[in-house]
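Enquirer: 3D, please:
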Amino acid sequence: MNKFPIKEVFKIHGGNSGLTEKIIYENQSLISSDNIPVFSSASEEAFQLPKVDKNVLLSDKNIKIFLKNKSYIIIARNGKAGLMNIIENIDFTINDHAYIMELKKSFIDKVNLDFFILKYQNIFLDFVSSKDSNGTFSKEIAENFEIELISINKQKDFLAEQKKLFNLKNSLNKIYKEVDTDLTLRIKEGNPYLIRELFHHYQGHQLTDKFIYDNIGDCPVYSGADNKIKGYIDRPLFEDESKLPCLIYQTKGNNDFKSKVINELFNANNTAVLNLKESKKALVNINYIQLIFPHNMKLSISSQEGVSYIDTKILNTEVFLPTINEQNEIVNQSNKLKSLKNEINNLIIKLNIRLNEQLEII
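Expert: Next up, the predicted model:
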């Protein structure tokens, strides 16, 4: 493989200083073919500027025009600094918020621009003065950076393989979103019940780390912040296993109504607990309630309301219960969807690893 500083491979053009929006608006040609696009960045924002007369003068000089018979890489100088994209098949110009990379004649048939962006985009993002919105892309650093060139055929073969992987990844992401949507249940069929009619309500105690440490045992303590295990203690919230399973949910935080079904003796730290009434156990699959829980709660509780309202609102929230057999089927289907979602997510992770590995070895 051959190494070259970028300035030997590309000519990097600066933008037209002084090509402001005011100048653009004041210089619209009556001949439509004389008006050309003005790019200001490498993202969709580039299309927000109107076209300008290609014959406009700035300080008595013609503006820089890039011709449609060539392909170029545009780089955002600020804003989304370092972001690259390809412009081709149009005449255009740029303001001073962007740079243009043009292949030198001797490298036109040696560099595939799509391959170059795929290989070096993350590196170009590092050529920015800072990572905030005020960062500026350094043309000087970029020009002196050395790149490695493999044969043009290998570049094309690599892009073809990458395209297959990206298409597969996009397909998996699409399926993932569809499965995720299917898991958000909005059941409005069945007999209506208030949560208070179906459940007893309890509030977990505030169990400090010290208290748990001083009373360590085998009983998990679930935290109200995320329904994760905070520690283990020697006393459960309920001594009687007949009260299981329970549904616990957080009453503080961002009101996203995280919940968890608990099937073992446990204790709760500032976590609300719903325990099915004995008379309603034949009517309710508690896992079904957990599925519809987030949606029903969001319908009942405004994001502006304080946490002190949550328990009261939840207890008076109406849910609709189909038959127990229908609930069981919904839960079974949901579990299959969750399993599929996990498999898809694992495949996407593996694809990302493969994509990154391929970029590292070329």
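Enquirer: longest strand anywhere in the protein?
Expert: strand 216-223 (DSSP state E).
Enquirer: now for the next helix or strand after that strand, which elements pack on it?
Expert: Downstream of strand 216-223, the next assigned helix or strand under DSSP states H and E is strand 229-233. When contacts are defined as 3 or more C-beta pairs under 8 Å, 6 or more residues apart in numbering; DSSP states H and E, strand 229-233 sits against helix 209-214, strand 216-223. C-betas here are computed from N, CA, C, even on glycine.
Enquirer: And those: which comes nearest R77?
Expert: strand 216-223 (47.0 Å; C-beta to C-beta).
Enquirer: Now that closest one: buried residues?
Expert: Buried residues in strand 216-223, counted by 16 or more other C-beta atoms under 10 Å: 219-223.
Enquirer: For the residue nearest to F145 when sequence neighbours are not counted, give its distance to N325.
Expert: Leaving aside its sequence neighbours, F145 sits nearest to I6 (C-beta to C-beta, 6 or more residues apart in numbering; 5.4 Å). Using C-beta to C-beta, to the nearest Å, one obtains 67 Å as the distance from I6 to N325.
Enquirer: Please identify which of those two sits among more neighbours.
Expert: The neighbour comparison of I6 against N325 (other C-beta atoms under 10 Å) goes to I6, with 20 against 9.
Enquirer: Which residues lie in contact with the more buried one in this structure?
Expert: By C-beta atoms under 8 Å, 6 or more residues apart in numbering, the contact list for I6 reads 12, 101, 142-147.
Enquirer: List the ones among those that fall in helices.
Expert: Mapping these onto helices (DSSP state H) picks out 142-144.
Enquirer: Which parts of the stretch 101-250 of the chain are helices?
Expert: Using DSSP state H, counting those that start in this stretch, the helices of the stretch 101-250 of the chain run over 113-125, 139-144, 152-182, 195-198, 209-214.
Enquirer: Quick check: the gap between the closest residue in space to P50 that isn't next to it in sequence and H13.
Expert: With sequence-adjacent residues excluded and distances taken as C-beta to C-beta, 6+ apart, P50 is closest to I24, at 5.8 Å. As judged by C-beta to C-beta, I24 and H13 stand 19 Å apart.
Enquirer: Quick one: the helices and strands packed on strand 229-233 as a markdown table, columns for mean pLDDT and distance to N170 too.
Expert: Shown next, in a markdown table, are these (pLDDT from 0 to 100; distance: least, C-beta to C-beta, whole Å):
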| stretch | mean pLDDT | distance to N170 |
| --- | --- | --- |
| helix 209-214 | 91 | 45 |
| strand 216-223 | 91 | 37 |
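Enquirer: Go through these and name the closest to K177.
Expert: When those are ranked by proximity to K177 (C-beta to C-beta), strand 216-223 comes first, at 29.8 Å.
Enquirer: Can I get the closest one as PDB, trimmed to CA atoms?
Expert: Output in PDB follows, covering the C-alpha atoms of strand 216-223 (Å, rounded to 0.1, in the frame of the first residue of the first chain):
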ATOM      1  CA  ILE A 216     -27.700  -8.400  55.100                       C
ATOM      2  CA  GLY A 217     -29.500 -11.600  53.900                       C
ATOM      3  CA  ASP A 218     -30.900 -13.400  50.900                       C
ATOM      4  CA  CYS A 219     -33.800 -11.200  50.000                       C
ATOM      5  CA  PRO A 220     -33.300  -8.800  47.100                       C
ATOM      6  CA  VAL A 221     -34.000  -5.100  47.600                       C
ATOM      7  CA  TYR A 222     -35.400  -3.400  44.400                       C
ATOM      8  CA  SER A 223     -34.600   0.300  44.000                       C
END
